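**Student:** Predicted structure and sequence below. I'll ask about it afterward.
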Amino acid sequence: MSGIERKTVLPGVNLSCVYTDKFKNGLFSAYLMRSLNADDASKNAMLADVLRRGCTSLPDMETIEARLDELYGASVSAVMRQIGETTAVGFSSFFADDRYIGRSEKILESVLSVTGQLLLDPVTRGGMLNSEYVSSEKDNLCDRIRAAVNDKRRYAVTRLRELMCADESYGVNPLGSLEKADKINHVGLTRHYRHVLEHSPLELFYCGGAEPERVEAAVLDAFAAVPRGDTERCDTEVRIDCGQTRTVKEKMDVAQGNLAIGFRLGEIMYNPDYAALSVFSAVFGGSPVSKLFLNVRERMSLCYSVGSSVDRHKGVMIVSAGISPSKYDAATEEIFNQLDKCRRGEITEEELEAARKYVASSLREGADEASVLDSYWLARRMDGTDCTPEELAALAECVSAEKVTEIAESVKTDMIYFLSGEESAE
């Protein structure tokens, strides 16, 4: 793999190509980049699903699937991703590399053509998006929003974000609210679609064995009709300070308590070292070799599950744990105790080496999956770096204990959120 080639191919349209002969399939994705906000979140969340229902030349799912079957079982899926306070909505396509097929029709060009038509030429009635498709996908979105509460651990993290970042875009649920979603109709969604298509940055990504020049030519053919106006920026606000730690406890009909603790990464975000942040996360709670997993869960049995995740774009870390309500105080105390150990530099060489290997191995293994590379390079596009997975893995292997300690010292506790059953004592 020879890294990535990036190029602006049309106004506000960027193409990133990873040329590799590692895979026998190609991947192509197209993302409209939107700033996350409460007014548009639900419309963004359902937009790609509506567009995926049909275009002028392939007006329904049946004809779309028939065409994809002709292309050796290619697939085009509606996708939504979140990077910091930016939402990426669009399509991801998998298809056979035509080098291994030996047929006259070029699969790459045909799949990009289908993807471009779905994005740019949706089936309409009276100039508006198909009302039946919009109504159906609205119902699906409302069901997804309602069902989110069923995964209590994820729900607790969502509530933490909503409360901790109540005056920030980061606190907005990417699916939006049930109230906003229920009010969407085909007229309003059509207006939103037209605005999004004209003013959003369009990020295109290809990974496979076709030369970048061929991919660019196919893109220019498939996306030539994209309307372009003033491109809106997509930024993420990073807050360094958070003030006094807040604690919120809520009740629900649950048997297991769900603890979520939100942190700000602090001054380290002025000049973030992404390799070091990854190793710090693996040392503290973001891996099976972490202090939280090996001590809070395995050695002390204070929780059923525990882990941490770092959003390096937003500068936020979240610890999530499933615990018995009776162990709330002990589990919370030990989570902070393990963070304090990192701050004091109480990190053994074995812990550090295991964390380095975990991060490096994860990056290298991810480079063997086109879909992981898609997510990886989209994130790099947003943070403005071009470090390859292999390069980042090599940097991770060199992270020192002192650097991990420096990051831990910068971390500030913002909010503690606890979701427990009605019968649990405060």
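**Tutor:** Nice, I can see it. Numbering: from 1, shown residues only.

**Student:** distance of Thr115 from Pro122?
**Tutor:** 12 Å (Cβ to Cβ, to the nearest Å). The way it works is simple: take the backbone N, C-alpha and C, and place the C-beta from them, glycine included.

**Student:** ditto for Gly315
**Tutor:** 37 Å.

**Student:** Could you do Val215 as well?
**Tutor:** 24 Å.

**Student:** now do Tyr31
**Tutor:** Counting by Cβ to Cβ, the gap from Tyr31 to Pro122 is 17 Å.

**Student:** Equivalent analysis for Val226, please.
**Tutor:** Using Cβ to Cβ, Val226 is found at 13 Å from Pro122.

**Student:** Those two: which has the busier surroundings?
**Tutor:** Just comparing Val226 and Pro122: by other Cβ atoms under 10 Å the higher neighbour count belongs to Pro122, 23 against 18.

**Student:** Over to the more buried one: give its phi and psi.
**Tutor:** According to degrees, to the nearest 10, the main-chain angles of Pro122 amount to phi -70, psi 150.

**Student:** just Ala321 next, same as before
**Tutor:** The phi/psi pair for Ala321 (degrees, to the nearest 10) is phi -150, psi 140.

**Student:** For it, give me its contacts.
**Tutor:** With contacts defined as Cβ atoms under 8 Å, 6 or more residues apart in numbering, the neighbours of Ala321 are 258-260, 292, 296, 303-307, 331, 335.

**Student:** now stretch 23-43, how far from the centre of its chain.
**Tutor:** 10 Å (Cα atoms, centre = their mean, to the nearest Å).

**Student:** Quick one: end-to-end distance for that stretch.
**Tutor:** Using Cα to Cα, to the nearest Å, the end-to-end distance of stretch 23-43 comes to 35 Å.

**Student:** Which stretches in the stretch 101-250 of the chain count as strands?
**Tutor:** When assigned using DSSP state E, counting those that start in this stretch, the strands of the stretch 101-250 of the chain occupy the ranges 124-125, 128-129, 202-208, 246-251.

**Student:** Point out the most buried one among these.
**Tutor:** Sort these by mean neighbour count, taking mean count of other Cβ atoms under 10 Å, and strand 202-208 sits at the top with a mean of 25.

**Student:** and Asp182, how many residues sit next to it?
**Tutor:** 14.

**Student:** What residues does the closest residue to it other than its chain neighbours make contact with?
**Tutor:** In space, and not counting its chain neighbours, Asp182 is closest to Cys142: 6.1 Å by Cβ to Cβ, 6 or more residues apart in numbering. Cys142 makes contact with 178, 181-182, according to Cβ under 8 Å, 6+ apart.

**Student:** burial measure for Glu70, as a count.
**Tutor:** Neighbours of Glu70 (other Cβ under 10 Å): 12.

**Student:** which non-adjacent residue is nearest Ala38?
**Tutor:** Val172 (5.0 Å).

**Student:** Quick check: pLDDT value at that neighbour.
**Tutor:** Note for Val172: predicted pLDDT of 97.

**Student:** and the gap between it and Lys291?
**Tutor:** To Lys291, Val172 is 32 Å away according to Cβ to Cβ.

**Student:** Low-confidence ranges, the stretch 301-426 of the chain, go.
**Tutor:** 422-426 (pLDDT under 70).

**Student:** residue ranges of the strands in it, please?
**Tutor:** Assigned by DSSP E, counting those that start in this stretch, the stretch 301-426 of the chain shows strands spanning 305-311, 316-323, 412-420.

**Student:** Can you report how many residues lie near Arg343?
**Tutor:** Neighbours of Arg343 (other Cβ under 10 Å): 16.

**Student:** isn't it right up against Ala408?
**Tutor:** Yes - Arg343 is in contact with Ala408 according to Cβ atoms under 8 Å; the separation is 4.5 Å.

**Student:** from the contacts of Ala321, which is closest to Tyr19?
**Tutor:** Closest approach to Tyr19 among the contacts of Ala321 (Cβ to Cβ): Gly307, at 35.4 Å.

**Student:** My guess is that closest one contacts Phe284. True?
**Tutor:** No - counting by Cβ under 8 Å, Gly307 does not reach Phe284; the two are 9.8 Å apart.

**Student:** which neighbours do those two share?
**Tutor:** Here Gly307 and Phe284 have 290, 292 as joint contacts, going by Cβ under 8 Å, 6+ apart.

**Student:** Mind checking which of those two has more residues around it?
**Tutor:** A count of neighbours by other Cβ under 10 Å puts Phe284 above the other of Gly307 and Phe284, at 30 against 20.

**Student:** Identify the residues contacting the more buried one.
**Tutor:** 290-292, 308, 338-339, 342, 408.

**Student:** number of nearby residues for Ser361?
**Tutor:** 12.

**Student:** Nearest residue to it in space, please, no chain neighbours.
**Tutor:** Nearest non-adjacent residue to Ser361, counting by Cβ to Cβ, 6+ apart: Ala393, 7.9 Å away.

**Student:** Tell me if I'm right that the one you found and Arg356 touch.
**Tutor:** No - the pair Ala393 / Arg356 is not scored as a contact, 9.3 Å apart, by Cβ under 8 Å.

**Student:** Could you say whether Asp253 sits in a helix, a strand or coil?
**Tutor:** coil (DSSP: H, G, I helix; E, B strand; the rest coil).

**Student:** Apart from its chain neighbours, what residue comes closest to Tyr133?
**Tutor:** Arg53 (4.2 Å).

**Student:** How about the contacts made by that neighbour?
**Tutor:** Per Cβ under 8 Å, 6+ apart, neighbours of Arg53: 60-61, 123, 130, 133, 136-137.

**Student:** quick revisit: measure the residue nearest to Asp182 to Ala181 for me?
**Tutor:** 5 Å.

**Student:** again with Thr332
**Tutor:** 35 Å.

**Student:** higher neighbour count, the two?
**Tutor:** Using other Cβ under 10 Å as the criterion, Thr332 and Ala181 rank with Ala181 on top: 24 against 20.

**Student:** Can you give me the neighbour number for the residue nearest to that one when sequence neighbours are not counted?
**Tutor:** In space, not counting the residues next to it along the chain, Ala181 is nearest to Ser42; the distance is 4.0 Å by Cβ to Cβ, 6+ apart. Using other Cβ under 10 Å, Ser42 has 27 other residues around it.

**Student:** what are the phi and psi values for Ser42?
**Tutor:** phi -70, psi -40.

**Student:** Which residues are in contact with it?
**Tutor:** Counted by Cβ under 8 Å, 6+ apart, Ser42 has contacts 141, 175-177, 180-181, 184.

**Student:** Redo these as JSON lines? Include distance to Phe94 and pLDDT.
**Tutor:** Below are the contacts of Ser42 laid out as JSON lines (distance: Cβ to Cβ, whole Å; pLDDT from 0 to 100):
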{"residue": "Leu141", "distance to Phe94": "24", "pLDDT": "98"}
{"residue": "Leu175", "distance to Phe94": "25", "pLDDT": "97"}
{"residue": "Gly176", "distance to Phe94": "28", "pLDDT": "97"}
{"residue": "Ser177", "distance to Phe94": "32", "pLDDT": "96"}
{"residue": "Lys180", "distance to Phe94": "32", "pLDDT": "97"}
{"residue": "Ala181", "distance to Phe94": "29", "pLDDT": "97"}
{"residue": "Ile184", "distance to Phe94": "29", "pLDDT": "98"}
